[in-house]
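In: just the structure for this:
(2 chains)
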2 protein chains.
Amino acid sequence: MTLKPAVNDPQGLAIKDGLHMLGYPEVEDVRAGKYMQLDVRGEQQSDVETRVAEMCETLLANTVIESYSFSVRRADDPDEGRAQS
Amino acid sequence: MTLKPAVNDPQGLAIKDGLHMLGYPEVEDVRAGKYMQLDVRGEQQSDVETRVAEMCETLLANTVIESYSFSVRRADDPDEGRAQS
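Out: Numbering: from 1, shown residues only, chains lettered A, B, ... in the order given. Got it, this is the predicted structure:
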């Protein structure tokens, strides 16, 4: 989850200032957000994607101010399937 | 950034409980972490990767309790290069 571009991000600004003070002037912008790893039981990847999108909408993201993206990967598959919203 | 597996994650547990109460019993585990998007000036992707790894070690991640991964992508390139640490 990241704050939508129009939303102020004071945490990101503070991180950018900290990086500048530590000697990284090449950092032009920082947006802070949240990251979650969920272990979800399920057979069909498409079903899991539908359920996870619902979870994002109802609990995980505040869709008024945040956008989100997620990927669903089988626990036994090293390749990464990707779904975005 | 995610908490290392051995570190307690009360935020992740609370999210898991919330999802169970909302009707998502298939969620077996949740790990909460942080996500950041940085816009960084630079010519060579390998140089930027070196610098960003330094930023993670010195400011962005608490490497005592957190692990991190990042990917560097050219602003004009829709494909994603990936570097992990």
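In: burial measure for A:G33, as a count.
Out: Neighbour count of A:G33, defined by other C-beta atoms under 10 Å in any protein chain shown: 18. C-betas here are computed from N, CA, C, even on glycine.
In: now do the same end-to-end measure for stretch A:39-49.
Out: One end of stretch A:39-49 to the other measures 12 Å (C-alpha to C-alpha, to the nearest Å).
In: name the helices or strands packed onto the longest strand seen in chain A?
Out: Among the segments of chain A that qualify as a strand by DSSP state E, the longest is strand A:27-40. In terms of contact count using 3 or more C-beta pairs under 8 Å, 6 or more residues apart in numbering or on different chains; DSSP states H and E, strand A:27-40 is assigned the packing partners strand A:2-3, helix A:10-21, helix A:45-55, strand B:27-40.
In: quick check: angle from it to helix A:10-21?
Out: Taking axes from the mean of the first three to the mean of the last three C-alpha atoms, to 10 degrees, one finds strand A:27-40 and helix A:10-21 inclined to each other by 130 degrees.
In: of the helices and strands packed on strand A:27-40, which is nearest A:Q37?
Out: A:Q37 lies closest to strand B:27-40 among the helices and strands packed on strand A:27-40, at 4.4 Å (C-beta to C-beta).
In: measure how the closest one sits relative to helix B:45-55, angle-wise.
Out: If you take the same axes, to 10 degrees, strand B:27-40 sits at 120 degrees to helix B:45-55.
In: run through who's touching strand B:27-40.
Out: Outside of strand B:27-40, the residues within contact range by C-beta atoms under 8 Å, 6 or more residues apart in numbering or on different chains are A:1-2, A:12, A:15, A:26-41, A:55, B:1-3, B:9, B:11-13, B:15-16, B:19-20, B:48, B:51-52, B:55, B:60, B:66, B:72, B:75.
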